[in-house]
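Novice: prediction below, plus the sequence it came from.
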Amino acid sequence: MKNGDLQFNKNEDANLLLLSEVRQRLDKIKLGGGKKNIEKQHERGKMTARERVNYLLDKDHTQFEVGAFAGYEMYEEQGGCPAAGVIVVIGYVEGRQCIVVANDATVKAGAWFPITAKKNLRAQEISIENKLPIIYLVDSAGVFLPMQDEIFPDKEHFGRIFRNNAVMSSMGITQIAAIMGSCVAGGAYLPIMSDEAMIVDKTGSVFLAGPFLVKAAIGEDVDSETLGGATTHSEISGVTDFKCKDDKECLDRIRSIMSKLGENETAGFNRIAPASPKKNEKEIPGILPTNSALQYDTHELIERLVDNSEYDEYKPGFGKTIVCCYARIDGWAVGIVANQRKLVKNKKGEMQFGGVIYSDSADKATRFIMNCNQKKIPLVFLQDVTGFMVGSKSEQGGIIKDGAKMVNAVANSVVPKITIVIGNSYGAGNYAMCGKAYDPRIIVGWPTAKIAVMGGDQAAKTLLQIQEAAMKAKGEEVSQEKEKQLLEEITKRYESQTTPYYAAARLWLDAIIDPLETRKVISMAIEAANHAPITKTFNVGVIQT
C-alpha cells in the first residue's frame, strides 16, 4: 500500500482521528481532580503529583507513563478516579532508569480505590521483574473507606504493597520514599519499609491513626504536627531519615541519593548503535486499517519499526499467518512474532485467513520462541489475532496440540517479552501472542486495539441466541423487531467492552500509545529488563508431540 492511495488516505485519516481522541482524553485525565483542587495544592505550598514527577525526572531522557487510563470511566458514582489517583512513570533520575510512583492528592485526597492498589502493585511488579529502583512520592488519605472490602483483605489488595516492600528490600532493589503530604494508617508502613524516607516540613505527616481517631480511641487531644509531623519523626521518633523544608528540597534530596547508587550486573542483551527505520514511520497510520475486516501486509509495519528497516525472516515460506524475524529496535537485538493480516497460501496451495493461527504457523512460532530463549534475545509480540483456526479439518490436524505448544513456549520463556496490541486480540490468540496473563514486561495497545474473547459480531449473535432462548423458556415471544433491538443493544454493550480504553482502565494494557512511540517503549522496556540477569533455565516441561 502506498502513500496517496485512496485506502491509504482513508486509513490515515481514521487512525489520526483515533489518536487525537486518545490525546484529548489524556489531557483531561492529566488534570486529575480538576483545576480547583490543583489550586488548593498550590495554596498549601505543595506541588501536584505530576509537577513533582516532572521536576524529579531528568529532562534529557525519555519517559513512559504506566496506567494513565487506569480507572477511566470507573467509579463514576463516587465521582471518578482519574489515573487511579496515582501517577506511575518509568524514567531516569540522575541518569539512572527507575520507576516513580506519586499519589495524586487532587483526586479524593489521594485515597486508594481498588484500581489504585492494582496500579501500585503493577508498579512494584515492574520494579521487581526488572530490578529497577523505585521512588514513592507519598500524599494520600489512605483507603477509600466506602470500598474497603474491595481493597483491604485479599492477596492482591492493599497489604500486598507492604509485603512487596519487604521482598524488594531483600532482593536489593532500592526503594526511596518521600512523605510530601498525608500518610496514614496502614499506608504509613510503605515509606518506613523503604530503604530511606524523607518528610516535608509542615505539609508531610505520618501516623497510624490521625487526631480524630486518637481522640475517639484513647481520649487524647493532639494536633497533626505534634502527632506525626516532620519535627516529631525526624527529631524525636527517628522514623524518617531526612527533614526537608519544601517539595523541591525533598526532590533534590532524592536526586542526590540516586546519583550515588552503584552499578548492578546486567542481563547482557545485545545492543549496537541505534538506527532509524529507512522506511517512513509516519506511514504506519496509512498502512493499518481501522476496519479489522480489511487486510494489510504485516511486513510493511515491521519495516517501519525496526532499525534500517532490516530483518532476517525465519521460515518465510512456512506458517505464513505468523511472521517471525530477527531484527534490531533502537539498537537492541529482538525476536519479533507478528500476526500476518492478509490472505496467504500455505505449502499445499490452500488459502489461509489473515490474523488466524494455523497449525503450521503455531509450530513455526514455537520453534522461533525457543530459539530466542536459547540465544538470549528479547521477544516482541505484535498482536492482531482473531484466534486459532477452527473446524473439523483443523481439529483432526491437531490445532489444539500445536496451539498448546506455542502457549507453552510463551509461558515458559525466560527472556523479556514486550507485547504491542495493534488490532484484534481475541480468544486463545491473546494467550499465544503473550497477552497480560503471560507476563509481558510491558504490554501496550495502539488506538486500534480490541481485546475480547471473540469478535463483536460472533459474540453478539451468540449472546442473542442465549437471551432469546431464555425469553422463550419464559413463554415470551420474540418478534423480528424485538430481535433486532436486542442485537443492537448487545452489540453496543459488547463492543464498548472491547475498546482499548476499557482494557487500559482495568490495566489489561499498561498504556494506549501513538504507534510512533512503539520503538521508544520497546527500547525502554528492554533497557529496564537488562537490569535483571536471567537466572532461570528455559524448559517447556511436558508437551504433546
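Specialist: Looks like it arrived, so ask away. Residues are numbered from 1 along each chain as shown.
Novice: residue boundaries of the helices in the stretch 201-350 of the chain?
Specialist: 211-218, 224-228, 230-231, 247-258, 284-287, 298-302 (DSSP state H, counting those that start in this stretch).
Novice: do the same with the stretch 51-200 of the chain
Specialist: Secondary structure of the stretch 51-200 of the chain (DSSP H, counting those that start in this stretch): helices located at 114-130, 159-170, 189-192.
Novice: worst-scoring helix or strand of the protein, pLDDT-wise?
Specialist: Between all helices and strands in the chain, the lowest mean by mean pLDDT, DSSP states H and E belongs to helix 456-473, at a mean of 72.
Novice: where among the helices of the stretch 51-200 of the chain is average confidence lowest?
Specialist: Ranked by mean pLDDT, those end with helix 189-192 in last place, scoring a mean of 86.
Novice: ok, now how distant is residue 452 from residue 429?
Specialist: 11 Å (C-beta to C-beta, to the nearest Å). (C-beta placed from N, C-alpha, C; glycine too.)
Novice: picking up where we left off before, would you mind listing the buried residues in the following helix or strand past the least confident helix or strand of the chain?
Specialist: Downstream of helix 456-473, the first helix or strand assigned by DSSP states H and E is helix 480-496. Residues of helix 480-496 classed as buried under the neighbour-count rule (16 or more other C-beta atoms under 10 Å) are 486-487, 490-491, 494-495.
Novice: closest to residue 424 among the residues you listed?
Specialist: Nearest to residue 424 out of the buried residues of helix 480-496 is residue 495 (C-beta to C-beta; 12.6 Å).
Novice: now stretch 112-125 - C-alpha only, PDB.
Specialist: Extracted as PDB, the C-alpha positions of stretch 112-125 are listed here (Å, rounded to 0.1, in the frame of the first residue of the first chain):
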ATOM      1  CA  TRP A 112      -6.900   4.400  47.400                       C
ATOM      2  CA  PHE A 113      -9.600   2.800  45.200                       C
ATOM      3  CA  PRO A 114      -9.400  -0.900  44.200                       C
ATOM      4  CA  ILE A 115      -7.800   0.100  40.900                       C
ATOM      5  CA  THR A 116      -5.300   2.300  42.800                       C
ATOM      6  CA  ALA A 117      -4.000  -0.800  44.600                       C
ATOM      7  CA  LYS A 118      -3.800  -2.700  41.400                       C
ATOM      8  CA  LYS A 119      -1.800   0.100  39.800                       C
ATOM      9  CA  ASN A 120       0.600   0.400  42.700                       C
ATOM     10  CA  LEU A 121       1.100  -3.400  42.600                       C
ATOM     11  CA  ARG A 122       1.800  -3.200  38.800                       C
ATOM     12  CA  ALA A 123       4.500  -0.500  39.500                       C
ATOM     13  CA  GLN A 124       6.100  -2.800  42.100                       C
ATOM     14  CA  GLU A 125       5.800  -5.800  39.700                       C
END
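Novice: what about that stretch, distance to the chain center?
Specialist: Its chain's C-alpha centre and that of stretch 112-125 lie 12 Å apart, by C-alpha atoms, centre = their mean, to the nearest Å.
Novice: got the phi/psi numbers for residue 370?
Specialist: The phi/psi pair for residue 370 (degrees, to the nearest 10) reads phi -60, psi -40.
Novice: which of the helices or strands spans the residue lying closest to it once chain neighbours are set aside?
Specialist: Nearest residue to residue 370, sequence neighbours excluded (C-beta to C-beta, 6 or more residues apart in numbering): residue 409, at 5.8 Å. Taking DSSP H and E as the criterion, residue 409 maps to helix 399-412.
Novice: average pLDDT for the following helix or strand past that helix, rounded please.
Specialist: Using DSSP H and E, the helix or strand that follows helix 399-412 in sequence is strand 417-426. Taken as a whole, strand 417-426 carries a mean pLDDT of 96.
Novice: tell me how far strand 417-426 lies from the chain's centre.
Specialist: Distance, stretch centre to chain centre, for strand 417-426: 12 Å (C-alpha atoms, centre = their mean).
Novice: same check on stretch 439-446?
Specialist: That offset, for stretch 439-446, works out to 5 Å (C-alpha atoms, centre = their mean).
Novice: stretch 271-280 too?
Specialist: On C-alpha atoms, centre = their mean, the centre of stretch 271-280 falls 25 Å from the chain's centre.
Novice: what is the end-to-end distance of it?
Specialist: One end of stretch 271-280 to the other measures 23 Å (C-alpha to C-alpha, to the nearest Å).
Novice: pull out the buried positions in that stretch.
Specialist: Buried residues in stretch 271-280, counted by 16+ other C-beta under 10 Å: 271, 277, 279.
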